[in-house]
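A.B. asks: have a look at this prediction, sequence included:
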Amino acid sequence: MIYQWSYSRLKTYEGCPKQAFFRYVQKIKEPPVKAMERGKEIHKTCEDYIRGRDIILTGTLKDFEDGLNILRENYRKGHVLCEGDWAWDKDWNKTDWFGYDTWGRAKVDAFYHDDSTNEATVIDFKTGRYEGNQEGHREQCELYASICLLRYPELEKITTEMWYLDHNKIDRYEYDKNTIENKRKKLTERAIIMTTAEDFPAKPDKWKCRWCYFGKEGLCQDAAK
């Protein structure tokens, strides 16, 4: 079984339970993907810059220099958290990343909250494709907002932002308490299905299977040809 979930795990499972089985139950290692390695490097650059390290922004990151400078200044004031490891139990209470009761996990690129206000902002840095990913990223924002509200119940407004670093675009979503409670219920229902599943059937798809490591390597006998 898959006992802990994250948004990426949930999307993998819903796309193909058997792929999730190979990754998260059998824990078969996949070779690194260049696009993912590049994304990690850019995330590290953003983190180091916000933390005030001596970094010169180049390439598409120059387009976000003003925003990164605002985060950098507020980090110095103690209002910004970088690369936060947020974990929660089955009741959505805060817990440790590797706690005995850990049920869900999320990594937060940047979290801005001035204690003098009842508002907060979560920022996620995205690299790669923009078109076609907005719906999934919006759901990811709903998860971030849910966690924020549970950790900071005094918040009245939560803003989530997706910074598409390769496209000079920002998608922004705003939530209040009532909206978030409804979104969290739906996420919980989906996560329960995944974390209680005992069977992991394949969902063969000619296009997706073409790029799936487990199908290409012959590990999945159900891959579409």
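C.D. replies: Arrived safely. Numbers count the residues shown, from 1 in each chain.
A.B. asks: against which helices or strands is the helix or strand of the chain with the lowest mean pLDDT packed?
C.D. replies: Scoring the helices and strands of the chain by mean pLDDT, DSSP states H and E places helix 206-211 at the bottom, with a mean of 86. Applying 3 or more C-beta pairs under 8 Å, 6 or more residues apart in numbering; DSSP states H and E, one finds that helix 206-211 contacts no other helix or strand. Just so you know, the C-beta spots here come from the backbone N, C-alpha and C atoms, and that holds for glycine as well.
A.B. asks: count of residues packed around W97?
C.D. replies: By other C-beta atoms under 10 Å, the residues close to W97 number 11.
A.B. asks: correct me, but it touches W103?
C.D. replies: No - in terms of C-beta atoms under 8 Å, W97 does not count as a neighbour of W103; the distance is 11.8 Å.
A.B. asks: pull the residues that contact the least confident helix or strand of the chain.
C.D. replies: Contact with helix 206-211 is made by 15-16, 215-216, 220, 223-225, as judged by C-beta atoms under 8 Å, 6 or more residues apart in numbering.
A.B. asks: run the chain-centre distance for it.
C.D. replies: 23 Å (C-alpha atoms, centre = their mean, to the nearest Å).
A.B. asks: give the buried residues for that helix.
C.D. replies: For helix 206-211, burial by neighbour count (16 or more other C-beta atoms under 10 Å) applies to C209.
A.B. asks: what's downstream of that helix, the next helix or strand?
C.D. replies: Using DSSP states H and E, the helix or strand that follows helix 206-211 in sequence is helix 213-216.
A.B. asks: using CSV, write out the CA atom coordinates for that next one.
C.D. replies: Provided in CSV are the C-alpha atoms of helix 213-216 (Å, rounded to 0.1, in the frame of the first residue of the first chain):
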residue,chain,number,x,y,z
TYR,A,213,10.1,4.1,-17.9
PHE,A,214,8.4,1.0,-16.6
GLY,A,215,6.8,0.3,-19.9
LYS,A,216,9.9,0.9,-21.9
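A.B. asks: what does that helix rub up against?
C.D. replies: Taking C-beta under 8 Å, 6+ apart as the rule, helix 213-216 contacts 18-19, 22, 28, 30-31, 209-210, 220, 223-224.
A.B. asks: again with stretch 50-65
C.D. replies: 42, 45-46, 48-49, 68, 71-72, 75-76, 80, 82, 110, 163, 165-168.
A.B. asks: give the buried residues for that stretch.
C.D. replies: 50, 55, 61, 63-64.
A.B. asks: end to end, how far does that stretch reach?
C.D. replies: Stretch 50-65 has its terminal residues 10 Å apart, counting by C-alpha to C-alpha, to the nearest Å.
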